[in-house]
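Asker: Here is a sequence with its predicted model. Questions after.
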Amino acid sequence: MDLSYSKEDLAFRDEVRAFLAEHLPEEISSAVRAGGELTKAMMEEWHAILNTRGWLATIWPKEFGGPGWSPVQKHIFEEECCRAYAPRIVPFGLNMLGPVLIKFGSKDQQDHYLPRILDGTDWWCQGYSEPGAGSDLASLKTKAERNGDEWVINGQKTWTTLGQHADWIFCLCRTDPDAKKQEGISFILVDMATPGIEVRPIKLIEGGHEVNEVFFTDVRVPIGNLVGEENKGWTIAKFLLTHERTGIAGVGFSMQALEEVKAIARKTMRGGKPLIEDPLFAARIAQAEIDLEAMKITNLRMLFKAQEQGAPGPETSLLKIKGTVINQELKDLARRALGPAAAPFPGHVTEGNLMFGPADTEHNAARYFNNRKTSIFGGSNEIQRNIVTKTMLEL
Amino acid sequence: MDFNLTEDRQMLADTLGRFLGEQYPVEHRIKVAYDAPYHDPALWDQLVELGALYALAPEDAGGMGGSGFDISVVFEALGKALCPEPVLGSLMASRLLAAAGADQDALLTGATKYAVGITEIDAPYELDQIATVATAKGDGFTLSGRKSTVYGGQVADVVLVAAKHGDGLGVFAANASDANVTGYGMMDGGGAAEVLLDDTPATLVLADAKAALQDAVNAGIIALCAEAVGAMEVTHATTVDYLKQRKQFGIPIGKFQVLQHRAVDMLTEIEQARSITIKAAAELGGADASKYASMAKNMIGRAARLVAEESIQMHGGIAMTWEYSVSHYAKRLIMLDAQLGDTDYHLSQVMKGYAA
């Protein structure tokens, strides 16, 4: 048993740290720190900076343009990015479609799409969930019918994150209505500029716009946009969901959140003293910190196991469940620490009308509410428990 | 022993419930609550005409109620409708004016809108940390300091300000037009204001006002607790309804035992929350009023968080949307924790009682 990083890992960490210090634009990290929505331009700029260094597609194999990192190196990279308040990588092209094309795509598809993901030509979004197919994804109804050398797609996708920026969408479509639920689904790539596609924004609980509904009416795309075999899309969907687990525990983001809570609690006053000296509140912070310390090691243990086995196992569900709960608790503590100062609607806080000035407080309540999504999306925590029940407990 | 409402209060509850149900559907509420002036002035007038404010003041102050149960009836109805009208400020101002024996006709008729400025940046919950100071000047006083998150302050004509006065606390009336008032909308809808006072002229309403301020806070806590109980019941009912309607894996999700049990746990906590609110309402004005108000606010804080978070989680994505009512109920349930003392503050108040 040895919890320390190897000499190589430490050197790698220093290299990442130095790179971030030099290349992460101050304007972008302060936007991340402030917690509001990032602009498309900011996200693209950051992708371009990482791409120039060859560190953008961190989970792709080297021959396709990945950096060839070990799971521990990927972890170090993610942790350092959080430490520096770098933006999250927009995952749809890089962490979702990329690995799918590498595993299931044709040579032509790989040659065409992968470089465009890397250089930012194509912004991808995900067409999975539907109004009637959330936790029960396999009940999806969006239809793709063969018509000559085209697919004709009709239906509706929802919760399409950042679809408002997207050039392309990868969709799960029903291609055999008579087959059993999980069979008869295909994985199809669709140009968002195709006639018949309509994107409608969904306003979220805190007022932000990050998800959308996408409607398909007689949308025609070439037959060649099918990835893998026809009616075998569910295999791809499952493969993709395991890749969606990279960094699923959100340890780095929780470390950020913990520091924020402490910073706020040092500044806010209760009973004439800083809140952090209040035993009740300090106990709450301490409990969250203990949970997070354990989660760091749990996360590393599972990474280590994945490294030995070559693939993440069902225990990543545990990371998602506990990781999201810890993060949500920290967001709750930040809101509590601010007390009445968290009351204003984001954007209503102007210089001079609230306690610490705009940057510190503006988004805290909003982030608490927005973050309730993390225990719902990517397979809700209830679905994760079902997975563990079946695969690990065999109940 | 009788846990039924008196006939009068039941009538008030029914009248308010009907009015709000018809005039203040949640779609309308969402429309008015987030844009200036963060409430609906026309509906405010109608609410006042229905006598909602009279129910909050005792007869010797010109009202028709004023007990803990009158307050809880009004605010439970407001909570069910998620009503963003600035009634809390009226209630707390009415308590202060009543304690001073001051005329409050203008408040009760709605002619003058009152807000109460107690909270400060470094004194979010505690009366004894208030730093705003009153100075005698000529026949009157001037106030200097800053009052934070003054609920309803964005539309108030008069702000009753708690300020240091000699060795104690006094309550002073300042015209909003004489102060530097910045109104804003809140995360959960409705409005508040930052009130900057800089040698702002004011009149003394009540000297040695600590007890009266504590009573106004206690009354406000009962109002918030009753509001939360109303909002929790609607949220729970909406959630249970959704469990029956929403199908996944070929059956209503309400057939899954893990969700059934959690819906039951929510119900248990709501019943507990209602009970402690009843207890606090019964004690209002008595020697133990503050203790039970603190117990109620602590329990409401815990129950409201559970109901808000579980309702969102059990709905899934739909309750994360602006369009769906539960998201707005959840915001209200969470944000009211920071009004008049949060869960931890009131827990510590209860703990302080053990030392005595």
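Answerer: Done, it's in.

Asker: wait, doesn't B:V26 sit right on B:S327?
Answerer: No - between B:V26 and B:S327 no contact is recorded; they are 10.7 Å apart, counting by CB atoms under 8 Å. All C-beta atoms are positioned from the backbone trio N, CA, C, and that covers glycine.

Asker: which residues are common contacts for those two?
Answerer: By CB atoms under 8 Å, 6 or more residues apart in numbering or on different chains, B:V26 and B:S327 have no common neighbours.

Asker: For the stretch 151-300 of chain A, list the residues in contact with chain B, please.
Answerer: By CB under 8 Å from any CB of the partner chain, the residues of the stretch 151-300 of chain A that approach chain B are A:158-159, A:202-207, A:268-272, A:278, A:280-281, A:284.

Asker: Of the residues you listed, which belong to helices?
Answerer: Counted as lying in helices by DSSP state H, out of those, are A:L280, A:F281, A:R284.

Asker: Pull up the residues of the stretch 251-356 of chain B that are close to chain A.
Answerer: So the stretch 251-356 of chain B meets chain A at B:253, B:258-259, B:305, B:309, B:312-313, B:316-317, B:319-323, B:327, B:330-331, B:334-335, B:337-339, B:342-345, B:347-348 (CB under 8 Å from any CB).

Asker: Keep only those of those residues that are in helices.
Answerer: Among those, DSSP H puts B:258-259, B:305, B:309, B:312-313, B:327, B:330-331, B:334-335, B:343-345, B:347-348 in helices.

Asker: By neighbours, which of these wins?
Answerer: Highest neighbour count within these: B:A330, with 28 neighbours (other CB atoms under 10 Å in any protein chain shown).

Asker: Pull up the gap between the nearest residue to that one once chain neighbours are set aside and A:P312, please.
Answerer: Nearest residue to B:A330 in three dimensions, chain neighbours excluded: B:A308, at 3.9 Å (CB to CB, 6 or more residues apart in numbering or on different chains). In this view, B:A308 and A:P312 are 33 Å apart by CB to CB, to the nearest Å.

Asker: Not counting sequence-adjacent ones, nearest residue to the closest residue to chain B within the stretch 1-150 of chain A?
Answerer: For the stretch 1-150 of chain A and chain B, the shortest gap (CB to the nearest CB) falls at A:D136, measuring 3.9 Å. Leaving aside its sequence neighbours, A:D136 sits nearest to B:Q248 (CB to CB, 6+ apart; 3.9 Å).

Asker: What backbone torsions are found at that neighbour?
Answerer: According to degrees, to the nearest 10, the main-chain angles of B:Q248 amount to phi -140, psi 150.

Asker: which residues touch it?
Answerer: A:G134, A:S135, A:D136, A:S139.

Asker: for B:V350, same thing?
Answerer: Neighbouring residues of B:V350 by CB under 8 Å, 6+ apart: B:K291, B:S294, B:M295, B:N298.

Asker: Just give me how far the helix or strand containing it sits from the chain centre.
Answerer: Per DSSP states H and E, B:V350 falls inside helix B:343-355. Its chain's C-alpha centre and that of helix B:343-355 lie 21 Å apart, by CA atoms, centre = their mean, to the nearest Å.
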